[in-house]
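Show me the folded form of this:
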Amino acid sequence: MGVKTKTKFGSIDISNEAIATTIADTVLACYGVVGLAKKSSIHDKVVYMLKKGNFSEGVIVSQDKNSVTIDVYLVVAYHVKITEVLREVQKRVKFITKKAFALDVKKANVFAHSLKKVG
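Got it, this is the predicted structure:
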């Protein structure tokens with residue numbers, strides 16, 4: 001399923017995987033983010049960090065009529081202020097979704113799935 005919009009030139013159909021991949025690339029560039037985690041592993045004790053081809057499992061896009069809701073599951077670096085990292089990720093998710101796809105974000109839910117020591 002994807003997001004469909006109509007313009008005077010015709011209709012545009014954007015897949016959820018395209019949106020998830022763009023958001024994942026943006027999120028991974030944020031300070032304090034080590035990687036994305038699989039949503040289904042949120043209750044598991046083992047963390048599955050996702051590789052480039054599986055970003056749609058760590059970024060979930062669902063849509064209403066005029067807006068989208070985005071859930072992002074992160075692995076955050078150890079020794080960073082988690083609330084600041086999550087707030088920055090929320091801002092960037094909303095910004096890139098509006099800029100790249102002209103979609104309004106109803107909610108950007110960011111979950112710190114786990115911590116990982118870096119370096």
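
which intervals of the protein have sub-threshold pLDDT?
1, 40-53, 55 (pLDDT under 70).

Now do the strands in it.
2-7, 10-15, 33-36, 59-63, 67-77, 104-116 (DSSP state E).

residues near the nearest residue in space to V59 that is not next to it in sequence, how many?
Spatial nearest neighbour of V59, chain neighbours left out: A20 (3.9 Å); criterion: C-beta to C-beta, 6 or more residues apart in numbering. Quick note: C-beta positions are derived from backbone N, CA and C, even for glycine. Using other C-beta atoms under 10 Å, A20 has 21 neighbouring residues.

My guess is A20 contacts S62. True?
No. Taking contacts as C-beta atoms under 8 Å, A20 lies outside contact range of S62: 11.0 Å.

What number of residues are in the vicinity of the closest residue to V93 other than its chain neighbours?
Closest residue to V93 apart from its sequence neighbours, by C-beta to C-beta, 6+ apart: A108 at 4.4 Å. Residues lying near A108 (other C-beta under 10 Å) number 20.

beta partners of A108?
For A108, the beta-bridge partners are I70 (DSSP bridges).

Buried residues, the helix ranked longest in the chain. List them.
For the chain, the helix that runs over the most residues, judged by DSSP state H, is helix 82-101. For helix 82-101, the neighbour count (16 or more other C-beta atoms under 10 Å) marks V85, L86, E88, V89, Q90, R92, V93, K94, I96, T97, F101 as buried.

now, among those, which is nearest to L115?
Closest approach to L115 among the buried residues of helix 82-101 (C-beta to C-beta): V85, at 10.7 Å.
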